[in-house]
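Asks: Sequence first, predicted coordinates after that:
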Amino acid sequence: MSAHNPPNGMFGRFIDELEETVIALILGAMTIITFINVVLRYGVNSQFGRWVEGALGVDLPGGLIWGLEATSFLFAWLVLFGISYAVKKTANLGVDAVLNLVSTPVRKVLTLIAAAVCIAYAFMLLKGAWDYWANFANLPQTTGRWFPTGFEEMTRTSYRSWYEVVDIRMPEWLRFIEPWINEGEAYEKIPRFIPYFILPFGAALLLLRFVQATLRIWRGHDESLIVSHEAEDAVEDVAHLNKD
């Protein structure tokens, strides 16, 4: 799939490399956790695994109990982080049959209307994501049904920072957050506001990318929010095979 909008300047290249590195690290972590889980599950429970346990005199784990939950969270991070990256790179597939039938000025107007709809959607998504995540971090939700009109008044019944995930144990290096957000109470598993943080972060990043894409179209630096002419590019790539 082709991509557009190469980074401009040192800062742009740095952000590009940072985003690509994060995506690669998430994919790598998912792969490693899944591979280890498969080896432990099918290796330890096999005859060879039982022989190793007998020879060493230890009980080997039959799998990572937290593996499935961890890969589920990582996949959510990958998807929500990758959506904004695809918008930034104009890498989303779409249908441009109607746009190709109209003149260039009309095409620009229709594209800007589509971009405005995307911005409105991303804004509402950000509001919903914040409202869902906020109380897990002891923060107020917004008021208003569609458009935020302020923040709700927090009460102790609104606090949900004590909610934990199911299987992933709390790492020791994160214990510093307990006095800040959980009144000094120790967590046994990691609090949910940590993995759920991708919801408002991903929505905010998506909104930013849609605004940037709209400005590029408005200024004439780009023509579309989607990848265009993918089929034509594919035909050109194999055209030489039919010359014989």
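Replies: Sure thing, it's come through.
Asks: switch to C-alpha atoms for all contacts and neighbour counts from now on
Replies: OK.
Asks: Mind jotting down where the strands sit in this structure?
Replies: With DSSP state E as the criterion, the chain has strands at 142-143, 150-151, 164-169, 189-191.
Asks: Check the ones you listed for me and report the most buried one.
Replies: Among the strands of the chain, strand 189-191 has the highest mean neighbour count (mean count of other Cα atoms under 10 Å), at a mean of 20.
Asks: Which residue, other than its chain neighbours, is closest to the residue most central in space within the chain?
Replies: By Cα atoms, centre = their mean, the mean C-alpha position of the chain lies nearest to Leu80, the distance being 2.2 Å. Closest residue in space to Leu80, ignoring its immediate chain neighbours: Gly202 at 5.3 Å, by Cα to Cα, 6 or more residues apart in numbering.
Asks: Quick check: which ranges of this protein have low pLDDT?
Replies: Applying pLDDT under 70 to the chain picks out residues 1-9, 44-63, 155-158, 228-244.
Asks: can you map out the helices along it?
Replies: Along the chain, the stretches classed as helices by DSSP state H are 9-39, 47-56, 67-88, 104-134, 178-181, 198-218, 230-238.
Asks: Please work out which of those helices is packed deepest.
Replies: helix 198-218 (a mean of 20).
Asks: relative orientation of it and helix 67-88 in degrees?
Replies: Helix 198-218 runs at 10 degrees relative to helix 67-88, counting by axes from the mean of the first three to the mean of the last three Cα atoms, to 10 degrees.
Asks: sorry, back to before: adding distance to Gly94 as columns, could you present the helices of the chain in CSV?
Replies: What follows is the helices of the chain, written out as CSV (distance: least, Cα to Cα, whole Å):
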stretch, distance to Gly94
helix 9-39, 23
helix 47-56, 50
helix 67-88, 12
helix 104-134, 12
helix 178-181, 43
helix 198-218, 15
helix 230-238, 10
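Asks: isn't the residue nearest to the centre of the chain right next to Leu199, touching?
Replies: Yes. Leu80 lies in contact with Leu199 (Cα atoms under 8 Å); the separation is 7.5 Å.
Asks: picking up where we left off before, show me what contacts the residue nearest to the centre of the chain?
Replies: Leu80 makes contacts with Ile198, Leu199, Gly202, Ala203, as judged by Cα atoms under 8 Å, 6 or more residues apart in numbering.
Asks: measure it to Ala116 for me?
Replies: 20 Å (Cα to Cα, to the nearest Å).
Asks: Generate CSV for the strands of the chain, with distance to Leu215 as supplementary columns.
Replies: Shown next, in CSV, are these (distance: least, Cα to Cα, whole Å):
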stretch, distance to Leu215
strand 142-143, 28
strand 150-151, 28
strand 164-169, 40
strand 189-191, 38
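Asks: Nearest to Leu68, out of the ones you listed?
Replies: Across these, Leu68 has its closest neighbour in strand 164-169 (9.0 Å, Cα to Cα).
Asks: Pairing partners for the closest one, with directions?
Replies: strand 189-191 (antiparallel) (DSSP bridges).
Asks: The closest residue to Ser161 other than its chain neighbours - how many residues pack around it?
Replies: Nearest non-adjacent residue to Ser161, counting by Cα to Cα, 6+ apart: Phe136, 4.6 Å away. Phe136 has 23 neighbours, counted by other Cα atoms under 10 Å.
Asks: Isn't Phe136 up against Glu164?
Replies: No. Look at Phe136 against Glu164 with Cα under 8 Å: they stay out of range, at 9.5 Å.
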